[in-house]
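Chemist: What would the 3D arrangement of this be:
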Amino acid sequence: MLISTKGRYALRVMIDLAEDRSGGFVPLKVISERQGISEKYLESIVNTLVKSGLLSGLRGKGGGYRLTRPPEEYTVWSILTLTEESLAPVACLTDGADVCARAAECRTLALWQGLDQVIHDYLSRVTLADLTRRDPGGRGAD
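Modeler: The predicted structure follows:
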């Protein structure tokens, strides 16, 4: 499993908005400058996040983006599954994959299924609120 730039940037946008204490909408230009990511690239990412209901957007003067819920209610899993084709460690576990002809005698299938479950469980436990707390345990904003 390799998380794409789009997935990593989506997390950075969400963390940026979670850390913003203004209570209002944050212009895309401001997010772009704070995160060092091109505005053009961010447009497609925030569109995905708005369509999924994770962000709300407002056009015009005073417009921008903001979270639709408190940071504690967003998991890393919910964000990454929007941007990534799959988070499965092997192709045979991706959604819609054909059942492998060797599945019945596959010596590693249970290993990959277990790893898939660990990834899901871990990313489902980590919230945006966790990522805004820069602790030495590795849960920093980057």
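
Chemist: Next, the contact list for the most far-flung residue of the chain relative to its centre, please.
Modeler: Each residue of the chain has a distance to the centre, and by CA atoms, centre = their mean the biggest one is for residue 105: 34.8 Å. For residue 105, the contact set (CB atoms under 8 Å, 6 or more residues apart in numbering) is empty. Heads up, the C-betas are built off the backbone N, CA and C, glycines and all.

Chemist: Show the pLDDT at it.
Modeler: Predicted confidence (pLDDT) for residue 105: 88.

Chemist: Okay, it and residue 116: tell me how far apart.
Modeler: 19 Å (CB to CB, to the nearest Å).

Chemist: what does residue 12 give?
Modeler: Distance from residue 12 to residue 116, by CB to CB: 25 Å.

Chemist: And residue 56, by the same measure?
Modeler: Distance from residue 56 to residue 116, counting by CB to CB: 32 Å.

Chemist: Check residue 77 too.
Modeler: For residue 77 relative to residue 116 (CB to CB), the value is 12 Å.

Chemist: likewise residue 70?
Modeler: 29 Å.

Chemist: between those two, who's got more neighbours?
Modeler: It is residue 116, of residue 70 and residue 116, that has more neighbours when counted by other CB atoms under 10 Å, with 18 against 11.
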